[in-house]
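Asks: here is my input; please provide its structure:
(chains A and B)
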Amino acid sequence: GAVVSQHPSWVICKSGTSVKIECRSLDFQATTMFWYRQFPKQSLMLMATSNEGSKATYEQGVEKDKFLINHASLTLSTLTVTSAHPEDSSFYICSALSGRWVGEQFFGPGTRLTVL
Amino acid sequence: QKEVEQNSGPLSVPEGAIASLNCTYSDRVSQSFFWYRQYSGKSPELIMSIYSNGDKEDGRFTAQLNKASQYVSLLIRDSQPSDSATYLCAVREGNTPLVFGKGTRLSVIA
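Replies: Model prediction:
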(Lines give C-alpha, C1' and ligand atoms only; values in the text may rest on other atoms or scores of the structure.)
Protein backbone atom coordinates (compact mmCIF):
# COMPACT_ATOMS: atom_id res chain seq x y z
CA GLY A 1 0.00 0.00 0.00
CA ALA A 2 0.81 3.67 -0.08
CA VAL A 3 2.81 5.57 2.51
CA VAL A 4 1.68 8.80 4.10
CA SER A 5 3.93 10.68 6.48
CA GLN A 6 3.13 13.37 9.01
CA HIS A 7 5.36 15.80 10.79
CA PRO A 8 5.72 16.40 13.65
CA SER A 9 4.55 13.23 15.37
CA TRP A 10 3.91 15.17 18.54
CA VAL A 11 4.02 18.78 19.62
CA ILE A 12 3.55 20.64 22.87
CA CYS A 13 2.87 24.35 22.68
CA LYS A 14 1.69 27.24 24.79
CA SER A 15 -1.83 28.56 24.54
CA GLY A 16 -2.14 31.24 21.87
CA THR A 17 0.57 29.95 19.58
CA SER A 18 0.07 28.48 16.13
CA VAL A 19 1.10 24.99 15.11
CA LYS A 20 1.65 23.70 11.59
CA ILE A 21 1.30 20.01 10.75
CA GLU A 22 2.57 18.63 7.45
CA CYS A 23 1.15 15.64 5.62
CA ARG A 24 2.96 14.07 2.68
CA SER A 25 2.12 11.23 0.34
CA LEU A 26 5.50 9.60 -0.23
CA ASP A 27 5.01 7.26 -3.14
CA PHE A 28 1.90 8.49 -4.89
CA GLN A 29 0.17 11.69 -5.87
CA ALA A 30 -2.87 12.60 -3.85
CA THR A 31 -5.30 15.02 -5.41
CA THR A 32 -7.45 14.72 -2.31
CA MET A 33 -6.36 14.68 1.31
CA PHE A 34 -8.49 14.60 4.43
CA TRP A 35 -7.83 15.90 7.93
CA TYR A 36 -9.29 14.13 10.95
CA ARG A 37 -9.24 14.76 14.67
CA GLN A 38 -9.65 12.10 17.32
CA PHE A 39 -10.15 12.66 21.03
CA PRO A 40 -9.29 9.83 23.46
CA LYS A 41 -11.62 6.84 23.21
CA GLN A 42 -13.72 8.59 20.57
CA SER A 43 -14.30 8.07 16.87
CA LEU A 44 -12.42 9.74 14.07
CA MET A 45 -13.97 13.08 13.21
CA LEU A 46 -13.52 14.45 9.71
CA MET A 47 -12.50 18.09 9.85
CA ALA A 48 -12.01 18.97 6.21
CA THR A 49 -11.40 17.72 2.70
CA SER A 50 -8.47 19.24 0.87
CA ASN A 51 -8.14 19.23 -2.91
CA GLU A 52 -4.89 20.23 -4.56
CA GLY A 53 -4.97 23.77 -5.83
CA SER A 54 -8.35 24.70 -4.38
CA LYS A 55 -9.84 25.76 -1.09
CA ALA A 56 -10.55 23.12 1.50
CA THR A 57 -14.09 22.04 2.28
CA TYR A 58 -14.74 22.13 6.00
CA GLU A 59 -17.21 19.98 7.89
CA GLN A 60 -19.99 21.63 9.84
CA GLY A 61 -18.77 23.05 13.12
CA VAL A 62 -15.10 23.26 12.12
CA GLU A 63 -13.79 26.83 12.09
CA LYS A 64 -11.96 27.44 8.83
CA ASP A 65 -10.19 30.50 10.23
CA LYS A 66 -8.82 28.48 13.12
CA PHE A 67 -7.81 25.40 11.16
CA LEU A 68 -6.05 26.62 8.05
CA ILE A 69 -5.51 24.02 5.38
CA ASN A 70 -3.23 24.38 2.38
CA HIS A 71 -2.84 21.74 -0.33
CA ALA A 72 -0.28 23.36 -2.57
CA SER A 73 1.02 20.27 -4.32
CA LEU A 74 -0.04 16.74 -5.15
CA THR A 75 2.07 15.36 -2.32
CA LEU A 76 1.77 17.93 0.47
CA SER A 77 -1.06 19.28 2.58
CA THR A 78 -0.63 21.34 5.73
CA LEU A 79 -2.93 22.02 8.66
CA THR A 80 -2.22 25.07 10.80
CA VAL A 81 -3.97 25.32 14.14
CA THR A 82 -4.02 29.05 14.82
CA SER A 83 -4.10 30.52 18.32
CA ALA A 84 -4.26 27.07 19.84
CA HIS A 85 -6.04 26.55 23.14
CA PRO A 86 -6.09 23.58 25.52
CA GLU A 87 -9.37 22.35 24.04
CA ASP A 88 -7.56 21.92 20.70
CA SER A 89 -5.38 19.25 22.26
CA SER A 90 -6.08 16.13 20.26
CA PHE A 91 -4.72 13.55 17.84
CA TYR A 92 -4.70 15.00 14.33
CA ILE A 93 -4.51 12.53 11.47
CA CYS A 94 -4.25 13.19 7.77
CA SER A 95 -5.28 10.81 5.06
CA ALA A 96 -4.63 10.73 1.35
CA LEU A 97 -6.83 9.31 -1.36
CA SER A 98 -4.97 7.18 -3.86
CA GLY A 99 -6.23 6.79 -7.37
CA ARG A 100 -3.48 4.29 -7.94
CA TRP A 101 -5.02 1.78 -5.57
CA VAL A 102 -8.60 2.19 -6.77
CA GLY A 103 -9.51 5.05 -4.47
CA GLU A 104 -8.13 3.53 -1.31
CA GLN A 105 -7.48 5.97 1.50
CA PHE A 106 -4.29 5.76 3.51
CA PHE A 107 -3.65 7.41 6.84
CA GLY A 108 -0.60 9.15 8.16
CA PRO A 109 0.74 8.19 11.60
CA GLY A 110 -0.92 11.16 13.27
CA THR A 111 0.24 14.17 15.25
CA ARG A 112 -0.49 14.43 18.95
CA LEU A 113 -0.99 18.07 19.88
CA THR A 114 -0.91 19.17 23.50
CA VAL A 115 -1.68 22.80 24.24
CA LEU A 116 -0.68 23.96 27.71
CA GLN B 1 -27.64 11.05 6.75
CA LYS B 2 -25.22 8.28 5.93
CA GLU B 3 -24.61 5.94 8.84
CA VAL B 4 -22.35 2.99 9.48
CA GLU B 5 -23.22 0.83 12.44
CA GLN B 6 -20.91 -1.47 14.34
CA ASN B 7 -21.18 -3.23 17.66
CA SER B 8 -18.75 -1.44 19.96
CA GLY B 9 -17.74 -4.63 21.75
CA PRO B 10 -15.51 -5.62 23.30
CA LEU B 11 -15.53 -8.83 21.33
CA SER B 12 -13.40 -11.37 23.13
CA VAL B 13 -12.14 -14.48 21.37
CA PRO B 14 -9.54 -17.06 22.41
CA GLU B 15 -6.27 -17.26 20.58
CA GLY B 16 -6.58 -19.40 17.45
CA ALA B 17 -10.33 -18.87 17.07
CA ILE B 18 -12.15 -17.03 14.29
CA ALA B 19 -13.15 -13.45 15.08
CA SER B 20 -16.22 -12.20 13.23
CA LEU B 21 -16.80 -8.46 12.95
CA ASN B 22 -19.97 -7.04 11.44
CA CYS B 23 -21.05 -3.74 9.98
CA THR B 24 -24.23 -2.38 8.40
CA TYR B 25 -24.59 0.80 6.38
CA SER B 26 -27.54 2.97 5.53
CA ASP B 27 -26.71 4.44 2.12
CA ARG B 28 -27.57 2.04 -0.70
CA VAL B 29 -25.42 3.95 -3.22
CA SER B 30 -22.24 3.22 -1.29
CA GLN B 31 -19.73 1.69 -3.67
CA SER B 32 -16.55 1.04 -1.74
CA PHE B 33 -16.12 -0.73 1.57
CA PHE B 34 -13.10 -0.85 3.82
CA TRP B 35 -11.88 -2.33 7.06
CA TYR B 36 -9.26 -0.48 9.09
CA ARG B 37 -7.44 -1.62 12.19
CA GLN B 38 -6.53 0.95 14.83
CA TYR B 39 -4.27 0.19 17.75
CA SER B 40 -4.62 2.38 20.81
CA GLY B 41 -2.84 5.69 20.28
CA LYS B 42 -2.11 4.97 16.63
CA SER B 43 -3.73 5.96 13.35
CA PRO B 44 -5.94 3.60 11.31
CA GLU B 45 -4.30 1.06 9.05
CA LEU B 46 -6.10 -0.23 5.96
CA ILE B 47 -6.38 -4.01 6.06
CA MET B 48 -9.09 -4.85 3.52
CA SER B 49 -11.07 -3.24 0.74
CA ILE B 50 -14.03 -4.79 -1.07
CA TYR B 51 -16.12 -3.44 -3.91
CA SER B 52 -18.37 -6.27 -5.14
CA ASN B 53 -20.66 -8.80 -3.52
CA GLY B 54 -19.09 -11.94 -2.16
CA ASP B 55 -15.93 -12.80 -0.31
CA LYS B 56 -12.42 -11.43 -0.60
CA GLU B 57 -9.59 -13.22 1.15
CA ASP B 58 -6.17 -11.88 2.08
CA GLY B 59 -4.11 -14.07 4.35
CA ARG B 60 -5.98 -14.61 7.61
CA PHE B 61 -8.55 -11.94 6.72
CA THR B 62 -11.75 -12.42 4.74
CA ALA B 63 -14.07 -9.55 3.93
CA GLN B 64 -17.66 -10.32 2.97
CA LEU B 65 -20.04 -7.92 1.26
CA ASN B 66 -23.78 -8.24 0.74
CA LYS B 67 -25.11 -5.10 -0.91
CA ALA B 68 -28.72 -6.31 -0.86
CA SER B 69 -28.57 -6.58 2.91
CA GLN B 70 -26.25 -3.55 3.23
CA TYR B 71 -23.91 -5.66 5.29
CA VAL B 72 -20.14 -5.98 5.45
CA SER B 73 -18.19 -8.34 7.64
CA LEU B 74 -14.60 -9.17 8.44
CA LEU B 75 -13.43 -12.61 9.52
CA ILE B 76 -10.05 -13.07 11.15
CA ARG B 77 -8.90 -16.67 11.20
CA ASP B 78 -6.39 -18.04 13.72
CA SER B 79 -6.75 -14.90 15.83
CA GLN B 80 -3.60 -13.76 17.59
CA PRO B 81 -3.17 -11.48 20.63
CA SER B 82 -1.54 -8.99 18.23
CA ASP B 83 -4.91 -8.72 16.46
CA SER B 84 -6.34 -7.04 19.56
CA ALA B 85 -7.34 -3.59 18.35
CA THR B 86 -10.33 -1.54 17.29
CA TYR B 87 -11.63 -2.43 13.85
CA LEU B 88 -13.27 0.35 11.87
CA CYS B 89 -15.71 -0.28 9.06
CA ALA B 90 -15.86 2.48 6.45
CA VAL B 91 -17.94 3.04 3.31
CA ARG B 92 -17.72 5.50 0.48
CA GLU B 93 -19.67 6.69 -2.54
CA GLY B 94 -17.36 7.69 -5.38
CA ASN B 95 -14.52 9.87 -4.07
CA THR B 96 -16.47 11.44 -1.24
CA PRO B 97 -15.04 11.20 2.30
CA LEU B 98 -15.20 7.86 4.01
CA VAL B 99 -18.04 7.38 6.47
CA PHE B 100 -16.72 5.47 9.47
CA GLY B 101 -18.45 3.34 12.03
CA LYS B 102 -17.50 3.86 15.66
CA GLY B 103 -15.47 0.68 15.62
CA THR B 104 -15.52 -2.70 17.33
CA ARG B 105 -12.94 -3.39 19.97
CA LEU B 106 -11.49 -6.89 19.58
CA SER B 107 -9.64 -8.64 22.37
CA VAL B 108 -7.83 -11.90 21.60
CA ILE B 109 -7.14 -13.82 24.78
CA ALA B 110 -3.94 -15.89 24.93
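Asks: now do the helices in chain B.
Replies: Applying DSSP state H to chain B gives no helices.
Asks: would you map the strands across the chain?
Replies: Since no chain was named, I'll use chain A. Using DSSP state E, the strands of chain A run over A:4-7, A:10-13, A:19-25, A:32-38, A:45-51, A:57-58, A:67-73, A:76-81, A:90-98, A:104-107, A:111-115.
Asks: I was thinking of chain B, sorry if that wasn't clear
Replies: Under DSSP E, chain B gives strands at B:4-5, B:11-14, B:19-25, B:32-38, B:45-50, B:54-58, B:61-66, B:71-76, B:85-92, B:99-100, B:104-109.
Asks: reformat those strands as a markdown table; add mean pLDDT.
Replies: Formatted as a markdown table, the strands of chain B follow (pLDDT from 0 to 100):
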| stretch | mean pLDDT |
| --- | --- |
| strand B:4-5 | 94 |
| strand B:11-14 | 97 |
| strand B:19-25 | 97 |
| strand B:32-38 | 96 |
| strand B:45-50 | 94 |
| strand B:54-58 | 97 |
| strand B:61-66 | 98 |
| strand B:71-76 | 97 |
| strand B:85-92 | 95 |
| strand B:99-100 | 92 |
| strand B:104-109 | 97 |
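Asks: need the winner for burial among those strands.
Replies: strand B:85-92 (a mean of 24; mean count of other C-beta atoms under 10 Å in any protein chain shown). All C-beta spots, glycine's among them, are computed from the backbone N, C-alpha and C.
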